[in-house]
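Chemist: Got a predicted structure here, sequence first:
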Amino acid sequence: MTGGGTEVVRRRDAARTRQRLLDAALKRFAHDGYAATTVRDITDDVGVNVALVNRYFQTKEGLFEACLEAASEELRRIADHAPIPDAIRHVITATGEGRLTDVLLLLLRTSGDERTERMRVGLLRSTSEDLAAAAGWRPDAPEGERLMLRAQLVLALSVGVATLRASTGLRPLATASDEDLAGPLREAVDALLPRP
């Protein structure tokens, strides 16, 4: 009630609450791991009732799966319409932006849960396939496995460099500008994944 007796209606924004839960979960899963993170930790971070996780995601596992889907969308958004070296350079130079760092850490951190681990490895596999496909890979091609290995090396290079930049003060890598990284990354990616 307001002072004049008029009731103030607090509008609930389901989409915003769902996104806040997803953001908090991504950060928790990335930094604390799946097993160590509780639903209560996540809801306390957001300041909402635990029942909302069940409403929006059904289970903790469902929330983890939604985090992986969000991670996949984030990586695809960055890679959209950009040559592979440019997309990788963007991922690497944007790691100070918080969310992207969390996405990369989520991909690196094992969950300790068999089903969620399959989901995480599946996302790594599909990202590798996207990289390989950009270089002409087809699963049934004679050179398919060799090209997939090269795509996974590019993925490992990308995640490794981004993680070192985000988590250490290793200079000059940690302080290198977008421009500093452009040439060496293009050379490395072109050497590993020559365009068809």
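Modeler: That came in fine, so what should we check first?
Chemist: Now do the helix or strand of the chain with the lowest mean pLDDT: which elements does it pack against?
Modeler: In the chain, no helix or strand scores lower on mean pLDDT, DSSP states H and E than helix 84-93, which sits at a mean of 72. Here helix 84-93 is seen to pack against helix 60-79, helix 144-167, helix 178-192 when contacts are counted using 3 or more CB pairs under 8 Å, 6 or more residues apart in numbering; DSSP states H and E. To be clear about C-beta, it is placed using only N, CA and C from the backbone, and glycine gets the same treatment.
Chemist: which parts of the second one are buried?
Modeler: Read it as helix 144-167. For helix 144-167, the neighbour count (16 or more other CB atoms under 10 Å) marks 147-148, 150-155, 157-159, 161-163, 165-166 as buried.
Chemist: count of neighbours near the residue lying closest to Thr163 once chain neighbours are set aside?
Modeler: Take Thr163 and drop its neighbours on the chain: the residue closest to it by CB to CB, 6 or more residues apart in numbering is Leu104, 5.9 Å away. Counted with other CB atoms under 10 Å, the neighbours of Leu104 add up to 25.
Chemist: now the helix or strand that contains Arg115 against helix 178-192, angle please.
Modeler: Counting by DSSP states H and E, the secondary-structure element that holds Arg115 is helix 114-134. What separates the directions of helix 114-134 and helix 178-192 is an angle of 80 degrees, with axes from the mean of the first three to the mean of the last three CA atoms, to 10 degrees.
Chemist: what's the angle between helix 114-134 and helix 144-167?
Modeler: Going by the same axes, to 10 degrees, helix 114-134 is angled at 110 degrees with respect to helix 144-167.
Chemist: Show residues contacting helix 114-134.
Modeler: Surrounding helix 114-134, the residues in contact under the criterion CB atoms under 8 Å, 6 or more residues apart in numbering are 34, 61, 64-65, 68, 71-72, 75-76, 79, 84, 106-107, 110-111, 137, 147-148, 150-152, 154-155, 193, 195.
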